[in-house]
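In: only the shape, not the letters, is given here:
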């Protein structure tokens, strides 16, 4: 949501890419790996981990999108958000600067959408600073849960969950081998981006290991009107280390460490242009470190199959304003522990666990008349249980509940807030016949206020010497809450006489979201009293977001076609005004064809986005609306039979060089991009 309402060189000529499995997407259709590919859909073989327990997609009674490694390589994205931009009712926010991009799910975005990496929740929130730090070079897949999911994850999952899964040794080592890896280089002609990725993996009788590094260097992107978006160049580099030790057939220990460094000159608000008054050019360096230790126990008993994980997430941003060298420092450390287990009984399956984590937030702001974020700590613990009851051969009930208790303390203000929340869910699952499944579910979720929203003080901005708008802390903020009711239908048609098969999935949802935390800036007055006004966060809007989405997948022999459509409508329940941040209606089509025993795949994606004219809210005094647009992308994959292990990728985004911007965004999107890469697997 925008802040005023819902808070807030290596260049090669390329031809194409390797063929492997086709899309795993909103409709949840996935092809099997090349060597085992089936002519029919393999829904049960697609596993979902975003629900915190690995399950076949066909058994997940939630709207889930999955984007696998093959699709990611076909897209060649520059951010995690770009990976999921073709899914219905899922959109990229933050403008064209990849480092500032985030995700909007069904009209909710920012801190209202939870993100995780390899099952570990990720959190960072500070002003206009970015919050997604994983480089897409390390991705194996991305899963999106649409709709409130606090029963599983606790605070933050009002709009849904973006689950990011990184590559592992098992993804790189061929069967009957003990060593493998790849070297990859790519080039994007639009922003002169050069990228290099390497990965090595090994295996012994009991230990798997992986080491991967990446480097990315880019300049300012060119827009559809031929101009460049200045102050967008940056460098990224990082590494991933993983090892898994199989203690015996029932026990394993997994260790993971990930680090990244990003540096570049950028506006202090990366979603906007420099204006000289509130958005300044800064030099920003962002360092992240993430470590986790997991013990897995999978016994012969149906009662004990779970794991325990300990993790540490660290984010540090150092910023310097170029005009006067004013420096800012922002640092967050999160220490967490997670315990979960699955128990199977005769007609009941239980998934339950405990979560606990502590956030330590530290900042310093240079210069005078600056905001003063708190020196704050947040402690959270939660307990949850989900039960699947088989009532009849074709009817199940899924029940879930989670209890969370949290406390936030501002050490510099000697103030603290504590509260607790219960997040229930229920779903009725009816397998009407072999082809049709109907799901009716209700989920509640919440987001606890952040330390920044509760306790920020200091100066927001000045309109002259001594005439400054100041922050007022509000320790009485209540949690944002959501209650979503949804009806889903899944239809899997039998193959026709030509071997073609069709799958359809649709959802209708109504999400009631209350107690939005919104930043309120009071206007200055000059008569009869001079008052520069104040800024604070308060609970305001009660909203209703309704929507519909449908996704279809047709596959026949070497041809695949996916169509998807999504629409969302949002209203303030008190004033009947339109909500900001609600995306425009979007239709996407993705068609491809495989040639030469699937060694070559050629495809096209079409995105048709309607105009967003639902902008009737009090702050929109200028009557701003957003135009419709259509973009076409091409992609090709080639794995030449005469060069074993070589893989060539070509992606052309925005083929017609359209000059456009998304609804609610200030900046326009990049023009035509030609992205080429070469990968050697060994």
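Out: All right, it came through fine. Predicted, not measured: the structure shown is a model, and the values here were computed from it.

In: check the gap between the residue most central in space within the chain and residue 562 for me.
Out: Residue closest to the mean C-alpha point of the chain, counted by Cα atoms, centre = their mean, is residue 162 at 3.7 Å. When distance is defined by Cβ to Cβ, to the nearest Å, residue 162 is 20 Å away from residue 562. From N, CA and C alone the C-beta is placed, and that goes for glycine too.

In: low-confidence ranges in the stretch 51-200 of the chain?
Out: Across the stretch 51-200 of the chain, nothing is flagged by pLDDT under 70.

In: and stretch 207-215, how far out from the chain middle?
Out: What separates the centre of stretch 207-215 from the centre of its chain is 23 Å, taken as Cα atoms, centre = their mean, to the nearest Å.

In: what lies in contact with that stretch?
Out: Here stretch 207-215 makes contact (Cβ atoms under 8 Å, 6 or more residues apart in numbering) with 135, 137-138, 167-170, 172-173, 195-203, 235-246.

In: show the contacting residues for residue 80.
Out: With Cβ under 8 Å, 6+ apart, residue 80 has these contacts: 101, 103, 115, 132, 134, 136, 139, 142, 162, 164.

In: pull out the buried residues from the contacts of stretch 207-215.
Out: Buried residues within the contacts of stretch 207-215, defined by neighbour count using 16 or more other Cβ atoms under 10 Å: 135, 137-138, 167-169, 172-173, 195-203, 236-238, 240, 242-244, 246.

In: inside strands: which ones of those?
Out: 195-203, 236-238, 240, 242-244, 246 (DSSP state E).

In: any idea which element residue 343 lies in?
Out: Residue 343 is part of strand 327-344, with elements assigned from DSSP states H and E.

In: what packs against the helix or strand where residue 398 lies?
Out: Here residue 398, judged by DSSP H and E, is contained in strand 395-410. Packing partners of strand 395-410 (3 or more Cβ pairs under 8 Å, 6 or more residues apart in numbering; DSSP states H and E): helix 150-153, strand 376-392, strand 415-431, helix 451-455.

In: okay but the residue nearest to the centre of the chain is in contact with residue 139, surely?
Out: No - counting by Cβ atoms under 8 Å, residue 162 does not reach residue 139; the two are 11.4 Å apart.

In: hang on, the earlier thing: angle of the strand holding residue 343 against strand 376-392?
Out: With axes from the mean of the first three to the mean of the last three Cα atoms, to 10 degrees applied, the angle from strand 327-344 to strand 376-392 works out at 30 degrees.

In: who does the helix or strand just after strand 327-344 touch, helix- and strand-wise?
Out: Sequence-wise, the next helix or strand downstream of strand 327-344 (DSSP H and E) is strand 348-365. Packing contacts for strand 348-365, counted by 3+ Cβ pairs under 8 Å, 6+ apart, involve strand 327-344, strand 376-392, helix 451-455.

In: now the second one, how far from the centre of its chain.
Out: The chain centroid and the centroid of strand 376-392 are separated by 21 Å, computed with Cα atoms, centre = their mean.

In: that one pairs with which strands?
Out: When pairing is defined by DSSP bridges, strand 376-392 lines up against strand 348-365 (antiparallel), strand 395-410 (antiparallel).

In: now these as a markdown table including mean pLDDT and distance to residue 601?
Out: What follows is the strands paired with strand 376-392, written out as a markdown table (pLDDT from 0 to 100; distance: least, Cβ to Cβ, whole Å):
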| stretch | mean pLDDT | distance to residue 601 |
| --- | --- | --- |
| strand 348-365 | 95 | 37 |
| strand 395-410 | 96 | 37 |
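
In: will you turn the ones you listed into JSON lines that also has distance to residue 511 and mean neighbour count?
Out: Formatted as JSON lines, these follow (distance: least, Cβ to Cβ, whole Å; neighbours: other Cβ atoms under 10 Å):
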{"stretch": "strand 348-365", "distance to residue 511": "24", "mean neighbour count": "18"}
{"stretch": "strand 395-410", "distance to residue 511": "17", "mean neighbour count": "19"}
